[in-house]
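A.B. asks: Pasted the sequence and its predicted model underneath.
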Amino acid sequence: MPIIHEPQPETKINLSENGPILEVQNLHFSYPDGHKALNGITLQLQEGHKAALVGPNGSGKSTLMLNIIGILHGSGVRKINGMAITEDNLPLIRSQVGIVFQNPDDQLFSPTVFEDVAFGPLHMGCSEDETRQRVIEALAMVNMSEYINRLSYHLSMGEKKRVAIATVLSMKPDLIILDEPSAGLDPRARRSLINLMNELPQTLLVATHDLLLVREILPRTIILDEGLVVADAATEEILKNTHLLENHGLELPV
């Protein structure tokens, strides 16, 4: 079956008149060893949209995410809220887009939960009073208010993932990128995290292999393979196309 290179007319995602929160056009990126990880990525994401980013290992998902938050710099257009992602703009860009890494231990490095969640606002220049208020609000959003003075390294994996999300929420970003959010969670913690993600008001871009999570809470699915967007359509249409999934190393659990 031929690869779908762009959304089909009946499932194409319509963009609002206000312009996209995230805009990527013809993005290319190669690593120093010559490996070309991105081969002309083009996509847009509107305010309030929740989209899945799926594909086999090595498809370019992580490289794309790191380009979006300005850790890596490829050639092409990358914009957040219409502002180009450049070295000069990075402080402002990172106040508008946050990433939650797969391993929360990469994100939680302070002694207490309060200090972890306060780190971002303090480095944005927020006052101590505003920072404390942001911490309280962010922890309430992830149902972790009672953990504010707990030691981060004593938490369970599910609790750590919630605190990691709070570290991003405290910066009040417009766009949140999550990398394999359900990885390593037991069924109860996974369900709790899915409910939380479903309630978040922010625009979400979720890189995951968990297609059941995708089907439940992410209305749009973007498939990457070999550094290209090979499909971008409504999740329902993507997931019922078993040939498309198989062609790109994906499988929906029975």
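C.D. replies: Alright, I've got the coordinates.

A.B. asks: phi, psi of the residue lying closest to Lys50 once chain neighbours are set aside?
C.D. replies: In space, Lys50 comes closest to Leu204 once its chain neighbours are excluded; the distance is 4.4 Å by Cβ to Cβ, 6 or more residues apart in numbering. Every C-beta, even on glycine, is put in place using the N, C-alpha and C of the backbone. Comment: the main-chain dihedrals of Leu204 come out as phi -120, psi 140, following degrees, to the nearest 10.

A.B. asks: Give me the neighbour count for Leu204.
C.D. replies: Residue crowding around Leu204 was assessed by other Cβ atoms under 10 Å; the count is 22.

A.B. asks: could we number from 42 for the rest of this?
C.D. replies: Sure thing, new numbering starts at 42, so read that last one as Leu245.

A.B. asks: Now do the contacts for it.
C.D. replies: By Cβ atoms under 8 Å, 6 or more residues apart in numbering, the contact set of Leu245 is His90, Lys91, Ala92, Leu216, Ile217, Ile218, Leu219, Met238, Leu259.

A.B. asks: Those residues in helices, which ones?
C.D. replies: Using DSSP state H to define helices, the subset of those located there is Met238.

A.B. asks: With pLDDT and neighbour count as extra columns, can I get the contacts of Leu245 in a markdown table?
C.D. replies: Supplementary listing: the contacts of Leu245 in a markdown table, determined by pLDDT from 0 to 100; neighbours: other Cβ atoms under 10 Å:
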| residue | pLDDT | neighbour count |
| --- | --- | --- |
| His90 | 94 | 20 |
| Lys91 | 96 | 20 |
| Ala92 | 97 | 23 |
| Leu216 | 96 | 24 |
| Ile217 | 96 | 21 |
| Ile218 | 97 | 23 |
| Leu219 | 96 | 25 |
| Met238 | 93 | 22 |
| Leu259 | 97 | 24 |
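
A.B. asks: per-residue pLDDT, Thr52?
C.D. replies: The score at Thr52 is 36. That number is its pLDDT.

A.B. asks: can you give me the helices for the stretch 92-241 of the chain?
C.D. replies: Taking DSSP state H, counting those that start in this stretch as the criterion, the stretch 92-241 of the chain contains helices spanning 102-109, 131-137, 154-164, 169-182, 198-210, 228-240.

A.B. asks: what's across from the residue nearest to Lys91 in the sheet?
C.D. replies: Here Leu245 shows beta-bridge partners Lys91, Ile217, assigned using DSSP bridges.

A.B. asks: Ok, Ala274 next?
C.D. replies: Using DSSP bridges, the bridge partners assigned to Ala274 are Thr262.

A.B. asks: so what's it scoring on pLDDT?
C.D. replies: Model confidence at Ala274 (pLDDT) stands at 97.

A.B. asks: so who does Leu226 touch?
C.D. replies: Taking Cβ under 8 Å, 6+ apart, we find Leu226 in contact with Met198, Gly199, Lys202, Leu234.
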